[in-house]
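A.B. asks: Please find the sequence and the predicted model below.
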Amino acid sequence: MRYIGFFAISMCLIACQPSEQPVGLAQNAEELPRQAIQFLGEILTDSSQSGFIQDHYYVLSDDMGFLPPTKMDAQTSEVDKIAEVLHEKDHGFIRSQLNGQRNLSLGKLRDKGFTMVPLRSMENQQITSDSLWTFVNQHYAYGFYSVSMPVFSSNFRKAYIRVGQLCGPSCGGGETRIYEYKHHTWELTRVVEVWVM
């Protein structure tokens, strides 16, 4: 009996140790699309004070590029800026994520209750700014939200993202945010930039 108990305790000491990566975080770069959608679903439906969407109006652009450009000086690239705010030394990891942005589909966020504005297909039809906003005003009276692809640090515990609400060609605002994975959830730790149109 003593040996069985000793064996069980020994196995628990090996198997019950907390893993280095919490469940839900990516283990490697191939899992980043899954983590990106999971991350977006969590932060965009966050109804706490730090949540960006406070009115439960879940209308989201399917085009992650529909945000104003970030403010950068002439010597700083987008990769450098993101690496700096994430305190990330591996610029190649940041660059590879930015290069893979078009491969991420936000369609899976429909499961979280989001209505998707089909801006990608409208762009292919070369819709003008005026006709775009005529369409948006007809179908989505209060405009829509737009997000960038999240960019993660190489340990997968920090994320950089840009979020915005757009309500017209000169109407809207947004933020560049840094999140950290703490206590099994993504917590807003810093707002890097705020913009208003």
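C.D. replies: Yes, it's here.
A.B. asks: helices and strands of the protein: which one bottoms out on pLDDT?
C.D. replies: helix 2-15 (a mean of 43; mean pLDDT, DSSP states H and E).
A.B. asks: what's the helix or strand for Arg95?
C.D. replies: helix 91-99 (DSSP states H and E).
A.B. asks: where does Arg177 fall, helix, sheet strand or coil?
C.D. replies: The three-state assignment at Arg177 reads strand, by DSSP: H, G, I helix; E, B strand; the rest coil.
A.B. asks: Can you tell me how far it is from Arg34?
C.D. replies: Distance, Arg177 to Arg34, by CB to CB, to the nearest Å: 21 Å. Yep, even glycine has a C-beta here, placed from its N, CA and C like the rest.
A.B. asks: ranges for the helices of the chain?
C.D. replies: For the chain, helices defined by DSSP state H occupy the ranges 2-15, 32-44, 78-86, 91-99, 119-124, 129-139.
A.B. asks: Nearest to Leu25, out of the ones you listed?
C.D. replies: Of all the helices of the chain, it is helix 32-44 that lies closest to Leu25, at 6.6 Å by CB to CB.
A.B. asks: List the contacts of that closest one.
C.D. replies: Under the criterion CB atoms under 8 Å, 6 or more residues apart in numbering, residues 24-26, 51-53, 58, 60, 97, 100, 103-104, 106, 108-109, 111-112, 114, 145, 147, 149-150, 152, 156, 159, 161, 163, 179, 185-186, 188 lie in contact with helix 32-44.
A.B. asks: ditto for stretch 62-74
C.D. replies: With CB under 8 Å, 6+ apart, stretch 62-74 has contacts from 78, 81, 101, 104-107, 116-120, 123, 146-149, 162, 164, 166, 174, 176, 193, 195, 197.
A.B. asks: Could you list which of those residues belong to strands?
C.D. replies: 116-117, 146-147, 162, 164, 166, 174, 176, 193, 195 (DSSP state E).
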